[in-house]
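K.L.:
This is the structure alone, sequence omitted:
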Ligand code: 9MR
């Protein structure tokens with residue numbers, strides 16, 4: 001998004017949000033949710049910096065009952081089929097983004113974010129790809145990732161780079177992609193990172209919700225291996241299809257926190273539940289809220305009649321667009337949590353996470369002006385005060401020119417610095433030319449006005465410091 005003009009009313013709004021955020025950070029006050037409960041899923045999830053999304057089908061965008069609910073309730077959109085390989089590259093070398101763009105444009109025109117789904121998958125391959133194998137298929141996969149990601153470069157919150165690559169027992173699914181060599185998944189992720197360094201890269205799968213299940217362990221071991229070897233991966237999508245016989249496992253939260261402890265975000269990406277069990281919907285929502293790196297929930301469709309398994313009535317709205325009991329159970333859980341308690345301690349450890357004011361961290365510029373509203377402000381792009389950032393394992397937040405955020409050693413209480421890179425490696429956090437830094441969590445920004453070369457900014461635990469204002473210029 002473009003940086004607002006300093007004189008714009010919107011900016012003043014943002015500044016007041018920033019002041020509130022920073023004051024909250026400094027005072028370390030417990031801020032109960034004094035505001036009225038939010039009345040939509042997206043707004044309720046946003047109270048804790050999360051999103052609530054849905055899958056959209058381009059063919060239904062002409063249905064106003066459908067679009068009214070979708071635009072009102074959700075703030076993250078996944079194309080149900082329109083960004084898959086068969087849709088985006090029907091003939092080799094000929095890309096087609098018409099349906100994908102229809103959804104992208106519909107969403108972004110309404111201020112909704114978009115997740116990309118999906119780049120490399122054994123299913124929904126175009127016919128020409130299905131018939132390839134070996135090095136020819138490997139090259140086709142790379143070309144496909146590059147072609148699709150180039151089109152959506154800088155526009156999406158995340159990409160499901162690889163989808164459903166494991167068997168139920170935790171071994172690799174045998175597919176034409178697997179046949180190109182066991183390294184196909186990491187090649188896909190490395191290709192994706194190069195194609196668009198600004199987007200979060202996710203591995204996405206179903207039946208990985210139960211921690212003691214073989215498939216969960218198989219995926220977990222792959223993510224752990226990737227993190228240990230520096231293969232770029234930012235997130236794991238747990239599809240969360242509690243339908244067709246599976247249900248919410250008691251250890252779901254452990255699964256989420258175990259993945260998160262590897263240094264990746266987690267998200268529930270395709271939720272639906274047999275007969276929309278209220279207890280399961282409430283339970284899965286609560287589990288996500290209980291895990292700081294669970295960044296959002298997406299349900300796989302709007303109304304039951306839109307679902308790929310409509311006979312199981314698994315969604316939050318009935319075929320007439322009425323809110324179901326499950327809708328209320330989810331909304332109540334989202335509202336019961338309210339804004340994240342700013343005293344929640346940030347996770348200590350490997351330096352892959354930087355939290356905003358809500359978690360008791362702040363940005364400080366030593367020796368800078370303490371005057372309100374000077375050059376650097378921390379806020380959420382929508383003026384909300386509960387900012388949150390996550391650095392990827394490769395320490396990427398996209399930024400400008402010669403400025404970097406060096407996350408080395410950014411564990412609890414240690415310093416993170418923004419400064420001229422001067423050729424130093426692994427410092428890929430640059431301020432955008434429009435003055436913003438886009439956070440990994442959708443819609444969050446660090447806005448820096450007039451940053452001067454070589455000026456230092458440090459992020460650290462606030463320890464009760466109040467009224468910190470930042471000046472780099
Ligand atoms: O909901 C999608 C349905 O319309 C398609 O026919 C189907 C084809 O494979 O894909 C469905 O979406 C799937 C998603 O892309 C990946 N996880 C499982 C989803 C449900 O099958």
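P.N.:
Yep, it's here. These figures come from a predicted structure and were not determined experimentally.
K.L.:
Backbone torsions only: list them for the closest residue in space to residue 182 that isn't next to it in sequence.
P.N.:
Take residue 182 and drop its neighbours on the chain: the residue closest to it by CB to CB, 6 or more residues apart in numbering is residue 172, 6.8 Å away. All C-beta atoms are positioned from the backbone trio N, CA, C, and that covers glycine. Taking degrees, to the nearest 10, you get phi -70, psi 140 for the backbone angles of residue 172.
K.L.:
thought residue 172 was touching residue 181?
P.N.:
No. Using CB atoms under 8 Å, residue 172 is not in contact with residue 181; the gap is 10.7 Å.
K.L.:
Which pLDDT value goes with whatever residue of the stretch 201-350 of the chain ends up closest to the ligand?
P.N.:
Closest contact between the stretch 201-350 of the chain and the ligand, by CB to the nearest ligand atom, is at residue 308 (3.7 Å). With respect to pLDDT, residue 308 has a value of 97.
K.L.:
That one is in what secondary structure piece?
P.N.:
Assigned by DSSP states H and E, residue 308 belongs to no helix or strand.
K.L.:
go on, residue 256?
P.N.:
With elements taken from DSSP H and E, the one containing residue 256 is helix 252-260.
K.L.:
Same check on residue 99?
P.N.:
Here residue 99 sits within helix 98-109, counting by DSSP H and E.
K.L.:
Surely residue 278 touches residue 331?
P.N.:
No. Taking CB under 8 Å as the definition, residue 278 is not a contact partner of residue 331, at 11.2 Å.
K.L.:
Write out the residues of the stretch 251-400 of the chain neighbouring the ligand.
P.N.:
By CB under 6 Å from any ligand atom, the part of the stretch 251-400 of the chain that sits against the ligand consists of 270, 308.
K.L.:
can you give me the strands in the stretch 251-400 of the chain?
P.N.:
In the stretch 251-400 of the chain, the strands defined using DSSP state E, counting those that start in this stretch lie at 265-273, 294-299, 353-355, 361-364, 376-380, 388-390.
K.L.:
Same check on the stretch 1-150 of the chain?
P.N.:
Remark: strands assigned in the stretch 1-150 of the chain by DSSP E, counting those that start in this stretch are 51-56, 76-79, 113-121.
K.L.:
neighbouring strands for the first one, and are they parallel or not?
P.N.:
Strand 51-56 has the following strand partners under DSSP bridges: strand 76-79 (parallel), strand 294-299 (parallel).
K.L.:
Contacts for the first one next, please.
P.N.:
Taking contacts as CB atoms under 8 Å, 6 or more residues apart in numbering, the residues outside strand 76-79 that touch it are 42, 51-56, 58, 70, 99-100, 103-104, 106-107, 112-117, 157, 269-270, 296, 298, 442.
K.L.:
again, but for stretch 88-106
P.N.:
56, 58, 61, 67, 77, 79, 81-83, 87, 114, 126, 128-129, 140, 143-144, 147-148, 151-152, 155.
K.L.:
ok, and of those, which contact the ligand?
P.N.:
Applying CB under 6 Å from any ligand atom to the contacts of stretch 88-106, those adjacent to the ligand are residue 81.
K.L.:
give me the number of residues near the nearest residue to residue 291 once chain neighbours are set aside?
P.N.:
Nearest-residue entry for residue 291: residue 256, 4.4 Å, with adjacent residues in sequence omitted and distances by CB to CB, 6+ apart. Residue 256 is surrounded by 25 other residues when neighbours are defined as other CB atoms under 10 Å.
K.L.:
Look up how far residue 335 lies from residue 256.
P.N.:
20 Å (CB to CB, to the nearest Å).
K.L.:
Run through the helices of the stretch 51-200 of the chain in chain order.
P.N.:
Listed in chain order, the helices found in the stretch 51-200 of the chain under DSSP state H, counting those that start in this stretch are 64-73, 85-88, 98-109, 127-130, 134-151, 184-195.
K.L.:
orientation of the fifth one relative to helix 184-195 in degrees?
P.N.:
Following axes from the mean of the first three to the mean of the last three CA atoms, to 10 degrees, one obtains 30 degrees for the angle between helix 134-151 and helix 184-195.
K.L.:
start to end distance for stretch 311-325?
P.N.:
Between the start and the finish of stretch 311-325 there is a gap of 17 Å, counting by CA to CA, to the nearest Å.
K.L.:
Residues in contact with it: which ones?
P.N.:
Looking at what lies outside stretch 311-325 - CB under 8 Å, 6+ apart - the contacts are 41, 65-66, 68-69, 243-244, 272-276, 278, 281, 299-307, 310, 326-327, 330.
K.L.:
For it, buried residues please.
P.N.:
Of the residues in stretch 311-325, those scored as buried under the neighbour-count criterion (16 or more other CB atoms under 10 Å) are 312-317, 324.
K.L.:
do stretch 260-269 as well
P.N.:
Neighbour-count burial for stretch 260-269, with 16+ other CB under 10 Å as criterion, is recorded at 260, 262-269.
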